[in-house]
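> with the input below, show me the fold.
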Amino acid sequence: MKLIFTSVDLVAVSELKDVLEGAGIRCFINNEVSSTLAGGIPQAECMPELWIDEDAREAEAVQIKKDWLSPQIQGAEWTCPKCGEQSEPQFTSCWKCGTAKP
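Next comes the predicted model:
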């Protein structure tokens, strides 16, 4: 078993678990219940941890985690057809005038 991810955010740990399981990597969350005790016990002892069962898939799991933590932004900057303002690719409308991305 290998520790892959630790966070104070149980939702984030659960989301990554779902992503890894979707790739066929068996994993489990440790400290899932004790995370609700934060404040009553030291935080380091109750933070949710995501562990994988198969050591041989560690490199694959680490790459999936890396991709999950920093998603690729597809596309390039675009120019608003109405006001000419430049916007980054993740925006679906112009920040200046609100016109939808073409």
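> may I ask which helix or strand encompasses the nearest residue to Ala23 once chain neighbours are set aside?
Leaving aside its sequence neighbours, Ala23 sits nearest to Ile64 (CB to CB, 6 or more residues apart in numbering; 5.8 Å). Bear in mind the C-beta positions are built from the backbone N, C-alpha and C, glycine included. Assessed by DSSP states H and E, Ile64 sits inside helix 58-69.
> buried set for stretch 77-90?
For stretch 77-90, the neighbour count (16 or more other CB atoms under 10 Å) marks Cys80, Ser87 as buried.
> and it, what's its mean pLDDT?
Average pLDDT, stretch 77-90: 89.
> measure it end to end?
9 Å (CA to CA, to the nearest Å).
> and if you look at stretch 18-32?
Stretch 18-32: ends 15 Å apart by CA to CA.
> contacts for that stretch, please.
With CB atoms under 8 Å, 6 or more residues apart in numbering as the test, stretch 18-32 has contacts from 4, 10, 13-14, 17, 45-54, 57, 60-61, 64-65, 68.
> all helices for the chain, in order.
Using DSSP state H, the helices of the chain run over 10-22, 43-46, 58-69.
> Ile52 and Glu58 touch, don't they?
Yes: with contact defined as CB atoms under 8 Å, Ile52 and Glu58 form a contacting pair (6.7 Å).
> so for these two, which residue has more residues nearby?
With neighbours defined as other CB atoms under 10 Å, Ile52 and Glu58 compare such that Ile52 has more, 24 against 15.
> how about the more buried one, what does it touch?
Counting by CB under 8 Å, 6+ apart, Ile52 has contacts Met1, Lys2, Ile4, Leu20, Ile25, Arg26, Cys27, Glu58, Ala61.
> please redo it, this time with the cut-off set to 10 Å
1-5, 17, 20-21, 25-28, 58, 60-62, 65 (CB atoms under 10 Å, 6 or more residues apart in numbering).
> neighbours around the nearest residue to it once chain neighbours are set aside, how many?
Nearest residue to Ile52 in three dimensions, chain neighbours excluded: Cys27, at 4.6 Å (CB to CB, 6+ apart). Using other CB under 10 Å, Cys27 is surrounded by 23 other residues.
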